[in-house]
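sequence isn't available, so here's the structure alone:
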């Protein structure tokens, strides 16, 4: 399957667990059972050896469930463990450097906030997907820039690569984003803050099964 064809559905982003990595690993397993297709490992702490061990364990778990592992903002770590890709900063040279390090088959994504021009530049630089948001109030990044839902439709009409929506997304508001043009919903607390993570992910997955896109 072409790599971009796999960039559909639920995109979970990790957050620290109060019980440490064992707790996080159990949560991720439940998210994968529930239908998460892409997992981003996001950990800003400086302990490189710990992060490498954790990312390696997550990669094995993701591949056991036929899901992809993306590393947040650490191309060297993605290269070291053979991750499926990396999510980098918004500068074109970040994308080019990641591509040079990881090769043509790696998945490279970037955040474009509420700016279609950034997304167009990212596509030109070789990104495989772009992420817009936040679309709704976010517990993880409450001060993140606000994006208009209409941006998703504009992006789908003008870009050739998958579009990700992020920011305060729930099963109750996610269908609106899919109908507007989102190929993936990126969710953090809406998944990992749920009492039943697998059930929450199944609810998100159902949105993709039932939502119909308007004609472009």
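The structure has been received and is ready for your questions. Just so you know, these numbers come straight off a predicted model, no measurement behind them.

buried residues in the helix-or-strand element of the chain with minimal mean pLDDT?
Across the helices and strands of the chain, mean pLDDT, DSSP states H and E gives its lowest value to helix 92-102, namely a mean of 90. Neighbour counts over helix 92-102 (16 or more other CB atoms under 10 Å) mark 92, 94, 95, 98, 99, 102 as buried. For every residue, glycine as well, the C-beta is placed using N, CA and C.

now do the helices in the chain.
Per DSSP state H, the chain carries helices over the ranges 21-33, 48-64, 75-81, 92-102, 116-125, 150-158, 174-180, 189-192, 197-210.

winner for burial among these?
helix 189-192 (a mean of 22; mean count of other CB atoms under 10 Å).

quick check: mean pLDDT across stretch 126-136?
For stretch 126-136, mean pLDDT is 97.

tell me how far that stretch is from the chain's mean position?
8 Å (CA atoms, centre = their mean, to the nearest Å).

list the buried residues in that stretch.
For stretch 126-136, the neighbour count (16+ other CB under 10 Å) marks 127, 128, 129, 130, 131, 132, 133, 134, 135, 136 as buried.

and the closest residue to the last one other than its chain neighbours, what is it in contact with?
The one in question is residue 136. Counting by CB to CB, 6 or more residues apart in numbering, residue 136 lies nearest to residue 168, which is 3.1 Å off, once chain neighbours are set aside. Listed by CB atoms under 8 Å, 6 or more residues apart in numbering, the contact set of residue 168 reads 134, 135, 136, 137, 138, 139, 190.

so which of those residues is the closest to residue 6?
residue 190 (21.6 Å; CB to CB).

returning to that earlier point: name the helices or strands packed onto the least confident helix or strand of the chain?
helix 75-81, strand 85-88, strand 107-113, helix 116-125 (3 or more CB pairs under 8 Å, 6 or more residues apart in numbering; DSSP states H and E).

so, low pLDDT: which residues of the protein?
Scanning the chain for pLDDT under 70 picks out 1, 91-92, 211-216.

is it correct that residue 155 is in contact with residue 129?
No - using CB atoms under 8 Å as the test, residue 155 is too far from residue 129 to be in contact (10.6 Å).

list the residues that contact both of the two?
By CB under 8 Å, 6+ apart, the residues touching both residue 155 and residue 129 are residue 163.

circling back: the least confident helix or strand of the chain: how far from the chain's middle?
18 Å.

try stretch 93-107
In this view, stretch 93-107 has its centroid 17 Å away from the chain centroid, taken as CA atoms, centre = their mean.

same question for stretch 87-107.
Distance, centroid of stretch 87-107 to centroid of chain: 15 Å (CA atoms, centre = their mean).

can you list contacts of it?
Outside stretch 87-107, the residues that reach it (CB under 8 Å, 6+ apart) are 3, 7, 40, 68, 70-73, 75-76, 78-79, 84-86, 108-113, 118, 121-122, 124-129, 131.

make TSV out of the buried residues of helix 92-102 and add distance to residue 49.
Converted to TSV, the buried residues of helix 92-102 look like this (distance: CB to CB, whole Å):
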residue	distance to residue 49
92	31
94	24
95	27
98	22
99	26
102	21
